[in-house]
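Visitor: using only what follows, build the 3D model:
(2 chains)
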Number of protein chains: 2
Amino acid sequence: METVSSAKSFGGEQAVLRHASEVTGTDMTFSVFVPDHEEGAKLPVVWYLSGLTCTHANVTEKGDFRRACAELGLIFVAPDTSPRGEGVADDPEGAYDFGLGAGFYVDATEDPFAQHYRMWSYVTEELSEIIGDCFPADLTRQSIMGHSMGGHGALTIGLTHAERFRAVSAFAPIVAPSQVPWGVKALTGYLGEDRAAWRKHDAVALIEDGARVPALLVDQGDADSFLAEQLKPQLLAEACDKAGIDLTLRMQPGYDHSYYFISTFMEDHLRWHAARLKG
Amino acid sequence: METVSSAKSFGGEQAVLRHASEVTGTDMTFSVFVPDHEEGAKLPVVWYLSGLTCTHANVTEKGDFRRACAELGLIFVAPDTSPRGEGVADDPEGAYDFGLGAGFYVDATEDPFAQHYRMWSYVTEELSEIIGDCFPADLTRQSIMGHSMGGHGALTIGLTHAERFRAVSAFAPIVAPSQVPWGVKALTGYLGEDRAAWRKHDAVALIEDGARVPALLVDQGDADSFLAEQLKPQLLAEACDKAGIDLTLRMQPGYDHSYYFISTFMEDHLRWHAARLKG
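Guide: Numbers count the residues shown, from 1 in each chain, chains lettered A, B, ... in the order given. As a prediction, this is how the structure comes out:
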C-alpha cells in the first residue's frame, strides 16, 4: 500500500492510498479519513460511493464531511468509481457515462469489461478487507451512502448486504437503472442484454424481488437537471411503499446535482448514520 | 457581469462571476456566497484572499465556509490571485511564485507587470464597489482573511484600511515578505529594487511604521513545510508585541499548508469575524 498523500484535518488524518488490486487487476486509489481516537479504539465505518466522472478526490475535497466525522467518530472511506490504467477498456467513444469513471458498482460479465470492471467485488470484498486490516475499523458497524451512480451503488450494496450495513442513504441516486438511459447503457455494456441479470443491480428491482432494509434516507434536489430522465426517485418511493420500507425521501427545493447540494446535507446523513451505527 | 455558475448551497447561493475589470484591463473571475436572508437585509462581508497558484476556486470548493457563513449570515467573497489572459505578463520561467496566480496583492510599478498586475486596487476599490452595488452587502461591516500569500494580502490590506475592516485574520500568512525568498522575488519584480516602496506591502514593516489594528488572529500549522523559510510568524509576533497589537497566534500541531488545515479552522475564524462584525 502506497501513501499518495496524508494530512491532518479536523484533528484526524485524511489519507489517499494506492494499492495493486487483485480483484480489478489494476492499481486502485481510495481515500480514508480517520478521526482522532483513543489508542486501541475501533471506529464505525461509513462508505461513500461517488458518481459518474468522479474519483475518490471529489468528495474528499468538496464533501464537507470531516467536521461531522471527527465529531461523531466515524471513519469515512471513498473508493474510486472504476478501474483505471493501461489496458483498461473504456467507452468506445470516450463517453462520460460508461467505462472509465463509470463502473456502476457491478462485476462486468461482458468482454472487454469483464477483465477489470469488478467494482462490486472490489468494494464489498477486497477494499473492505483492507479497511479492516489497515485501519482502526469496527467492521461490525458499517454503513453506506453515495451520490447519483454512487447512490445506485450504495442502495444496491446496502440492500444486498443488509446484515453488514446498518444504515443506507443516498444523494440524488439512480434508483432504477433498468428504466433510465444511463443505467440501460451501463447494464447492457457490463452485463449483457439479458435483463434478468440486471435485477440485482437495480435498487427498485431488488426491493421488488424481496430485498429489505429497515430504513432509507434519500435527498434529491428539485433543480437537478437529471431528475426527470435519469433519477426518478418516485420509483423508489413506490417500491418502498409496497415493501414496507421506511423511506425518507426529501425533495430539496432549488438544489442541483453538484457537491454544493451534497455538502449541504452531508452532516444530516452522517448524523442519521451515526445514530444507527452507535444505537 | 457574467454568471459563470450559480448553485444553491446551505440555503444560500454560491455564485462564480466574471467581469471586464477596468483596473487590471483583463477579465476577472471571483466567487461570492450569499446566505439566505430577509428581503432588503444587508449582510456583513468577509473577504478571503487566496495563496500562490490558487484561483477563486480553491477556497470555493475546499474551504468548508458555507455552513458557518449561512449560520452567521456572512457574505463570503473570494477574488482571483492575479490578472489572467492573453497579453498578461508571467514569470519568465513560468515559476509558480511570481506572475500568474501570484499577484501578491500589490499595484505593480515595474514593466511589464505594471500594465495588468494591480490587485491592490482591484480588491480594495473596483471589486469592493461591485460587491456593494450587486449584492446585499453592508459595506460598513467588512472583514478580511487570507491564506499564505493571501494572508499577506489580508494583513497588509487590513492594516492599511483599518477603518474599513473590523476583523483581520490569516492562515499561515507570509508576514514579512521583505525578509523571505517568495516576497523578495515578488516585491522586486512588481515594485523594483527600492525597498522603501516595499514597506507598505509588508505587514511587519507596516506595523513598525505605525499601522495599527485592535486585534489579529493567525493560525499556523507546525508541520507546514514553508514555515521556517517563508512564513516566519515570530516576526509578526515580535512586531505586534512591540506595537501593542493583540495578536492571537495559534501554532497548530501536525497541520500542513493545505486546505485540510484551512478548512479545519475556517469556522473558528468566521466566528471570530462575526463577533467583530456584529458587535
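
Visitor: now do the contacts for the residue of the stretch 151-279 of chain A found nearest chain B.
Guide: With Cβ to the nearest Cβ, the shortest gap between the stretch 151-279 of chain A and chain B falls at residue A:260, namely 3.7 Å. Backbone N, C-alpha and C define where each C-beta goes, glycine included. The contact partners of residue A:260, taken as Cβ atoms under 8 Å, 6 or more residues apart in numbering or on different chains, are B:7, B:8, B:9, B:14, B:66.

Visitor: one more: residue A:215?
Guide: A:167, A:168, A:245, A:246, A:247, A:248, A:276.

Visitor: would you turn the contacts of residue A:260 into JSON lines with pLDDT, secondary structure and distance to chain A?
Guide: Converted to JSON lines, the contacts of residue A:260 look like this (pLDDT from 0 to 100; DSSP: H, G, I helix; E, B strand; the rest coil; distance: Cβ to the nearest Cβ, whole Å):
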{"residue": "B:7", "pLDDT": "98", "secondary structure": "strand", "distance to chain A": "4"}
{"residue": "B:8", "pLDDT": "98", "secondary structure": "strand", "distance to chain A": "4"}
{"residue": "B:9", "pLDDT": "98", "secondary structure": "strand", "distance to chain A": "4"}
{"residue": "B:14", "pLDDT": "98", "secondary structure": "strand", "distance to chain A": "5"}
{"residue": "B:66", "pLDDT": "98", "secondary structure": "helix", "distance to chain A": "7"}
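
Visitor: with distance to residue B:181 added, can I get those residues in a markdown table?
Guide: Formatted as a markdown table, those follow (distance: Cβ to Cβ, whole Å):
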| residue | distance to residue B:181 |
| --- | --- |
| B:7 | 39 |
| B:8 | 43 |
| B:9 | 38 |
| B:14 | 35 |
| B:66 | 35 |
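
Visitor: rewinding a little: now the residue of the stretch 151-279 of chain A closest to chain B: which helix or strand?
Guide: helix A:259-278 (DSSP states H and E).

Visitor: next one: residue A:188
Guide: In this assignment (DSSP H and E), residue A:188 forms part of helix A:181-191.

Visitor: for the record, mean pLDDT for that helix?
Guide: Helix A:181-191 comes out with an average pLDDT of 98.

Visitor: do stretch A:107-127 as well
Guide: Rounded mean pLDDT across stretch A:107-127 is 98.

Visitor: buried residues in that stretch?
Guide: For stretch A:107-127, a neighbour-count test (16 or more other Cβ atoms under 10 Å in any protein chain shown) marks A:107-108, A:110, A:113, A:116-124, A:126-127 as buried.

Visitor: what do you get for stretch A:138-158?
Guide: A:141-158.

Visitor: could you point out the helix or strand that follows the lengthiest strand in chain A?
Guide: Under DSSP state E, the strand in chain A containing the largest number of residues is strand A:137-147. The element immediately downstream of strand A:137-147 (helix or strand, assigned by DSSP H and E) is helix A:149-160.

Visitor: how close does the residue nearest the centre of chain A get to residue A:89?
Guide: Against the mean C-alpha coordinate of chain A, by Cα atoms, centre = their mean, the closest residue is residue A:49 at 2.2 Å. Distance of residue A:49 to residue A:89, computed by Cβ to Cβ, to the nearest Å: 21 Å.

Visitor: do residue A:31 as well
Guide: Plainly put, residue A:31 is 25 Å away from residue A:89 if you go by Cβ to Cβ.

Visitor: ok, the two, which is more surrounded?
Guide: For residue A:31 and residue A:89, the more surrounded residue by other Cβ atoms under 10 Å in any protein chain shown is residue A:31, and the numbers stand at 23 against 18.

Visitor: give the bridge partners for that one, please.
Guide: residue A:16, residue A:78 (DSSP bridges).

Visitor: ok, it - contacts?
Guide: A:14, A:15, A:16, A:17, A:56, A:57, A:59, A:60, A:77, A:78.

Visitor: now the buried members of those residues.
Guide: Neighbour counting by 16+ other Cβ under 10 Å classes A:14, A:15, A:16, A:17, A:56, A:59, A:60, A:77, A:78 among the contacts of residue A:31 as buried.

Visitor: I'd assumed residue A:225 was in a strand, is it?
Guide: No. Applying DSSP: H, G, I helix; E, B strand; the rest coil, one finds residue A:225 to be coil, outside a strand.

Visitor: that one: how many residues sit nearby?
Guide: Residues lying near residue A:225 (other Cβ under 10 Å) number 11.

Visitor: from what I can see it touches residue A:258, true?
Guide: No. At 10.2 Å, residue A:225 and residue A:258 do not qualify as touching, with contact defined as Cβ atoms under 8 Å.

Visitor: got the residues of the stretch 151-279 of chain A near chain B?
Guide: Applying Cβ under 8 Å from any Cβ of the partner chain, we find that the stretch 151-279 of chain A lies next to chain B at A:221, A:223, A:254, A:255, A:256, A:258, A:259, A:260, A:261, A:263, A:264, A:267.

Visitor: tell me which of the residues you listed is nearest to residue B:23?
Guide: Nearest to residue B:23 among those is residue A:260, at 29.4 Å by Cβ to Cβ.

Visitor: okay, and the closest residue to residue A:88 other than its chain neighbours sits in which element?
Guide: Excluding its sequence neighbours, the residue lying closest to residue A:88 (Cβ to Cβ, 6 or more residues apart in numbering or on different chains) is residue A:116, at 4.9 Å. Here residue A:116 sits in a region with no helix or strand, counting by DSSP H and E.

Visitor: ramachandran coordinates for residue A:116?
Guide: With angles defined as degrees, to the nearest 10, residue A:116 sits at phi -120, psi -30.
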